[in-house]
Each structure stands twice: as C-alpha cells, then as structure tokens.
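Q: 3D model of this:
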Amino acid sequence: MLFSLPNILTWLRILAIPLFVGIFYLPSEWLSPFNQNLIATIIFTGAAITDWLDGYLARALNQMSAFGAFLDPVADKLMVTAALIVLVYLDRLGAPIALIIIGREITVSALREWMAKIGQSKSVAVSFLGKIKTASQMIAIPLLLYHDTIGNHFNSHIAGTWLIYLAAVLTLWSMIYYLKAAIPQALKH
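A: You can find the predicted model right below:
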C-alpha cells in the first residue's frame, strides 16, 4: 500500500518541507516577512492536521500498512526538525531547546527500533505523556512561526515560547519514561 490515501498524505507532508523552509529564503520584495511567517504557519499547521488525518483515514479505511507505520513518524520528525531548525535560524528559539527535542526524537526512535528487534516494542509504545508533549510542541511551533500579535493582546511569540519550554520538559520526562521501561530489557539482552 505504497500509495494509499493515508500514505499520500504522509508523502505530501514530506514534500511540503522544502516549501516550508524555502519560504524564509525568498527575497522580501517577493514576500514580506509577515507573509513569510503566515504562509509557513499555514503550511506547518496543515502538515500537523494531515498527521492526525492520515492515521484516522488509515484506521477508518482499513488501509494500515507496515510502510505507513514506518513513514508516518519519519515525516513527523522531519517536519518538526525542519521547523525547529528554522526557528533557531530566525532567532525565535534557542539552540539548546531544539537540541533537546531533536535529540530525544533520535534517541527514542533508536530505542523503539532496538526494542522491536528484541520483541519488546510494547514496552516503549507511545505513552499519554508523549502525546501531551506532541500536542504542546505542535501548538508551540505555529505560534513561534507566526511571531506576531493575534488580535490586540495575544502575543504568539510569548505563548509559543512557554509552550515550547513545556514541550522540552515533557520531552526529557518522556525520554526518561521510555528509558526506564527499556532498561530491564537491556539488562536481559
């Protein structure tokens, strides 16, 4: 099922990454900084929605596949990593926060792969804590990308900064949770 509807949405999310990043390299004569921020926010938010939608459609249409299960988290991590790098480049996010989040994603992905090889993948299945971390991150990133006041009083940069700090704390906490679940298996093998 390489090209089922859910997998096509996942592929579109991956293909959106160069467009998303490229927005910030366009000359300001072509696109104002405000419009760059707005378009990048829309692209990222659309990608976040398709992340939820492709999983929903895979289950609803009974089109779940091993390839989709592999590609979906890769697409998510690529999009989030690209967004974090862009935010560091734009000086809207400190590199240490980006490194914490990206480092955790690499660590937990490697841990899940290793646990699957030894037949213990359920030990590191996605936890509720991981879902809260993801939600915090997926709200923070568009707010930091938008980088402007919404209405008269809502400063998206301040709100996004607090949420990305929360995501970083939850990132570390969930990584510790996964490592604690894996340590007994590591000692056996």
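
Q: Quick check: which element contains the most centrally placed residue in the chain?
A: Closest to where the C-alpha atoms of the chain average out (Cα atoms, centre = their mean) is residue 80, at 3.6 Å. Residue 80 belongs to helix 66-89 when elements are defined using DSSP states H and E.

Q: Which neighbouring elements make contact with the helix or strand that that helix is followed by?
A: Downstream of helix 66-89, the first helix or strand assigned by DSSP H and E is helix 95-117. The helices and strands touching helix 95-117, judged by 3 or more Cβ pairs under 8 Å, 6 or more residues apart in numbering; DSSP states H and E, are helix 66-89, helix 156-188. Bear in mind the C-beta positions are built from the backbone N, C-alpha and C, glycine included.

Q: Could you export the helix or strand just after helix 95-117 as PDB, CA atoms only?
A: Heading C-terminal from helix 95-117, the first helix or strand you meet, by DSSP H and E, is helix 128-146. Taking Å, rounded to 0.1, in the frame of the first residue of the first chain, the C-alpha atoms of helix 128-146 are listed here in PDB:
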ATOM      1  CA  PHE A 128       0.000   9.600  27.200                       C
ATOM      2  CA  LEU A 129       2.900  11.800  28.300                       C
ATOM      3  CA  GLY A 130       4.300  11.500  24.800                       C
ATOM      4  CA  LYS A 131       1.000  12.600  23.300                       C
ATOM      5  CA  ILE A 132       0.900  15.700  25.600                       C
ATOM      6  CA  LYS A 133       4.500  16.500  24.600                       C
ATOM      7  CA  THR A 134       3.500  16.300  20.900                       C
ATOM      8  CA  ALA A 135       0.400  18.400  21.400                       C
ATOM      9  CA  SER A 136       2.400  21.100  23.200                       C
ATOM     10  CA  GLN A 137       5.000  21.100  20.500                       C
ATOM     11  CA  MET A 138       2.500  21.200  17.700                       C
ATOM     12  CA  ILE A 139       0.800  24.200  19.200                       C
ATOM     13  CA  ALA A 140       4.100  26.000  20.100                       C
ATOM     14  CA  ILE A 141       5.700  25.700  16.700                       C
ATOM     15  CA  PRO A 142       3.000  27.500  14.700                       C
ATOM     16  CA  LEU A 143       2.800  30.200  17.400                       C
ATOM     17  CA  LEU A 144       6.600  30.800  17.100                       C
ATOM     18  CA  LEU A 145       6.400  30.700  13.300                       C
ATOM     19  CA  TYR A 146       3.600  33.300  13.200                       C
END
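
Q: list the buried ones in helix 128-146?
A: In terms of neighbour count (16 or more other Cβ atoms under 10 Å), helix 128-146 has its buried residues at 129-130, 133-134, 136-146.
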